[in-house]
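[1] Fold the following and give me the result.
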Amino acid sequence: MATRACPRCSAPHVGDITDPLARCAWCGTLLASDAWPADAMVARAHLDPRRARLAVTRKIAQAGRTWTAEQAHLVYYPFAVTGNPRRPYRPLTDLPPSLAGGWRPSGTDLLREDEAHSEKDMPAFVLTAARVPIRDPLPPQTSVVRYPFFRVALRSEGRDSAAWCDAVDGQVVLPEDLLLEDLRVEDRNLTRQAWIAGAIGAGGGLLLPFPFSLIPSTVAGIVLWRKAAT
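    Sure thing, here's the model as predicted:
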């Protein structure tokens, strides 16, 4: 593997860093490089880490899960501006699976890099943000935008995961493992409802005289039909 140098202290590290949150073992600086065109733009972040955690917490509560939102780190991913209102940005690197499948970009105000605030005016979470380098070939005469996301760490009963929060509009994208867990819970609930409905129908048919026994049997049939249709 190739050996590269830390951009701050020049300490060597081995391999191509794909984790945007990887840090130098010597000085702790982020190792993701800033391989960006000179005329790149940046999307203005409207959320801070606290608001990103709150947005993720609300989304998890709506899903009925017990995951806890913890630290939030700002990460910039590179996109090409397409000019297509339905798909305004095209990623110039591999996105995390949950972002690639669940994120829907919205309109936002873009700033030129040289129009952004000076470092002394920037909050600490922006100064320490990771910038994922461009991987894909850049088409000619294409604008590049640096788009901000918060990677919010999640924990539940010894398990670790992460959600993503759009730092511009607050859109939350939950991880795939948590979504799959929701589907498994929903399937178990439907199965339980079907068994209850079947028991009601069977009990009503045995205990009640005709035609009153048709009522619980009909209810059980409706529940079983809805389960089969989903």
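[2] Can you show me the strands along the protein?
    In the chain, the strands defined using DSSP state E lie at 3-5, 12-14, 41-43, 68-81, 89-91, 110-112, 130-131, 144-156, 159-166, 172-173.
[3] What are the boundaries of the helices in the protein?
    Listed in chain order, the helices of the chain (DSSP state H) span 49-63, 97-102, 124-127, 176-207, 214-229.
[4] I'd like to know which of these has the weakest mean confidence.
    Lowest mean pLDDT within the helices of the chain: helix 176-207, at a mean of 53.
[5] And residue 138, how close does it get to residue 92?
    7 Å (Cβ to Cβ, to the nearest Å). Every C-beta, even on glycine, is put in place using the N, C-alpha and C of the backbone.
[6] higher neighbour count, the two?
    More crowded of residue 138 and residue 92, by other Cβ atoms under 10 Å: residue 92, with 22 against 12.
[7] Now for that one: which residues touch it?
    78-80, 134-136, 138, 144 (Cβ atoms under 8 Å, 6 or more residues apart in numbering).
[8] what's the answer for residue 136, then?
    Contacts of residue 136 (Cβ under 8 Å, 6+ apart): 91-93.
[9] do that again at 10 Å, thanks
    Taking Cβ atoms under 10 Å, 6 or more residues apart in numbering, we find residue 136 in contact with 78, 80, 90-94.
[10] got these as JSON lines, with pLDDT and distance to residue 24 columns?
    Below are those laid out as JSON lines (pLDDT from 0 to 100; distance: Cβ to Cβ, whole Å):
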{"residue": "78", "pLDDT": "91", "distance to residue 24": "22"}
{"residue": "80", "pLDDT": "90", "distance to residue 24": "30"}
{"residue": "90", "pLDDT": "90", "distance to residue 24": "31"}
{"residue": "91", "pLDDT": "92", "distance to residue 24": "26"}
{"residue": "92", "pLDDT": "90", "distance to residue 24": "25"}
{"residue": "93", "pLDDT": "87", "distance to residue 24": "21"}
{"residue": "94", "pLDDT": "87", "distance to residue 24": "23"}
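[11] List buried residues within those residues.
    By neighbour count, with 16 or more other Cβ atoms under 10 Å, the contacts of residue 136 hold 78, 80, 91-92 as buried.
[12] Show me the domain layout of this protein.
    What automatic domain parsing lists as the domains of the chain is 18-174, 182-229.
[13] quick revisit: need the strands of the chain in JSON lines with distance to residue 60, can you?
    Shown next, in JSON lines, are the strands of the chain (distance: least, Cβ to Cβ, whole Å):
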{"stretch": "strand 3-5", "distance to residue 60": "37"}
{"stretch": "strand 12-14", "distance to residue 60": "35"}
{"stretch": "strand 41-43", "distance to residue 60": "25"}
{"stretch": "strand 68-81", "distance to residue 60": "7"}
{"stretch": "strand 89-91", "distance to residue 60": "26"}
{"stretch": "strand 110-112", "distance to residue 60": "30"}
{"stretch": "strand 130-131", "distance to residue 60": "24"}
{"stretch": "strand 144-156", "distance to residue 60": "8"}
{"stretch": "strand 159-166", "distance to residue 60": "8"}
{"stretch": "strand 172-173", "distance to residue 60": "9"}
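[14] Which of the ones you listed has the lowest mean pLDDT?
    Minimum mean pLDDT among the strands of the chain: strand 3-5, a mean of 65.
[15] Ends of stretch 40-55, what's the gap?
    Terminal residues of stretch 40-55 are spaced 29 Å apart (Cα to Cα, to the nearest Å).
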